[in-house]
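Enquirer: requesting a structural model of the entry that follows:
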Amino acid sequence: MAISKEQRQRLERLAAAPETDVDTTDIPEVKDWSGAVRGGLYRPRKEVITIRLDADVLAWFTKNANEGRGCQSAINAALREHVTHREKKTQRA
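Expert: Numbers count the residues shown, from 1 in each chain. Reported below is the predicted structural model:
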């Protein structure tokens with residue numbers, strides 16, 4: 001899930017702030033980590049492939065790639081959105 005430009009800016013400001021400026025009083029301190037779980041986040045495995053794209057399609061993705069992300073990530077995000085949409089459509093039928 002992508003974050004908005006405003007959310008990214010807020011996160012960058014928070015990351016740049018000294019720890020003493022961050023209010024953590026509403027977060028309980030965790031002293032017992034025995035129930036902690038590692039690797040709970042899922043990141044799909046990437047495969048290296050060769051793909052042929054129409055020149056105008058590649059040019060569009062290259063020109064419109066998001067800040068800090070290349071056109072390959074933008075193409076992957078577009079394909080991911082398409083697949084998710086099609087899966088939801090199939091589940092409804």
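Enquirer: now do the helices in the protein.
Expert: In the chain, the helices defined using DSSP state H lie at 5-16, 55-64, 71-92.
Enquirer: closest one to Glu47 among those helices?
Expert: helix 71-92 (10.7 Å; Cβ to Cβ). Heads up, the C-betas are built off the backbone N, CA and C, glycines and all.
Enquirer: just the buried positions in that closest one, please.
Expert: Cys71, Ala74, Ile75 (16 or more other Cβ atoms under 10 Å).
Enquirer: now stretch 63-70
Expert: For stretch 63-70, burial by neighbour count (16+ other Cβ under 10 Å) applies to Ala65.
Enquirer: tell me the mean pLDDT over that stretch?
Expert: Average pLDDT, stretch 63-70: 78.
Enquirer: quick check: end-to-end length of it?
Expert: Stretch 63-70 has its terminal residues 10 Å apart, counting by Cα to Cα, to the nearest Å.
Enquirer: neighbouring contacts of that stretch?
Expert: Residues from elsewhere that reach stretch 63-70 (Cβ atoms under 8 Å, 6 or more residues apart in numbering): Ala2, Cys71, Ser73, Ala74.
Enquirer: now do the second one against Ile49, distance only.
Expert: Per Cβ to Cβ, to the nearest Å, Cys71 is found 15 Å from Ile49.
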